[in-house]
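sequence plus the predicted model coming up.
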Amino acid sequence: MVPMQPVPLSDTSVLIPLGDSIDLETNRRVHLLAAAMARATLPGIVETVPGYASLVVHYDALVLEQADVLEWIVPLLDATVSSTLHPPRQVEVPVSYGGEYGEDLEFVADHCHLGVEDVIRLHTQTIYTVYMMGFTPGFAYLGRLPDALITPRLETPRTHVRAGTVAIAGSQTAIYPVDSPGGWRLIGHTSLLPFDPQRELPFLFAPGDTIRFVPDA
């Protein structure tokens, strides 16, 4: 286990490493700590950014000294073992695999020495966890992809990927929440939108939620 020792990241941020690999228990500790910090408000704390195995704390250097931030963080580290998170939601996501918006599906099959139907079967039989949010609003990093489907990113990202496109990269899978550039391998499309600013709750997913992809008949 990586020691939970906060270290300066910049003049206005601190990094808290909680592990050195992608796993559910380490990621859970990251989100427990972020939740504890949200409750223990400190004027001058601007934002906390959870990652797979670390948490970054951004602060206003005109309000706080870095020493003040480190002093505030230390007693909160126990939150990674003593706190609880909200119960995760389970969401089923219908996917139309292949076609115009899943143009890399056959590449993934060839790369992994599988048939297209095998790729779909493996992708849909796994229950994924939302490890973190980032890249664009509502973009949820989902893991872990079955080892048999691990596929590298594109060497040159596309300039446009349609919102709702389901993709994989490395050991991760995700849904593009808005039209954007992207370098992941595109395997399908869903009618569900992970981000809709017109909804009462704009974000469909939150860290800790579990996702299951279902072939759209």
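Perfect, I can see it now.

next one: Gln125 from Phe139, what distance?
According to CB to CB, to the nearest Å, Gln125 stands 23 Å off from Phe139. For the C-beta atoms, the positions are set from N, CA and C on the backbone; glycine is no exception.

right, and the helix or strand after the helix or strand bottoming out on mean pLDDT in the chain?
Every helix and strand in the chain was compared by mean pLDDT, DSSP states H and E; the lowest is helix 79-82, with a mean of 56. For helix 79-82, the following helix or strand on the C-terminal side (DSSP states H and E) is strand 90-97.

so what strands line up beside that next one?
strand 185-189 (antiparallel), strand 210-215 (parallel) (DSSP bridges).

quick check: Phe107 is in a strand.
No: checked against DSSP: H, G, I helix; E, B strand; the rest coil, Phe107 lies outside a strand; its state is helix.

which residue packs closest to it, ignoring adjacent ones?
Computed as CB to CB, 6 or more residues apart in numbering, the closest residue to Phe107 that is not its neighbour in sequence is Arg185, at 6.6 Å.

what residues are up against the closest residue to Val166 other than its chain neighbours?
Leaving aside its chain neighbours, Val166 sits nearest to Gly188 (4.3 Å; criterion: CB to CB, 6+ apart). Gly188 is in contact with Val95, Ser96, Tyr97, Gly98, Gly99, Tyr101, Gly102, Leu105, Thr165, Val166, counting by CB atoms under 8 Å, 6 or more residues apart in numbering.

still on that earlier bit, please identify which of Gln125 and Phe139 sits among more neighbours.
Using other CB atoms under 10 Å as the criterion, Gln125 and Phe139 rank with Phe139 on top: 20 against 10.

no more questions from me, cheers.
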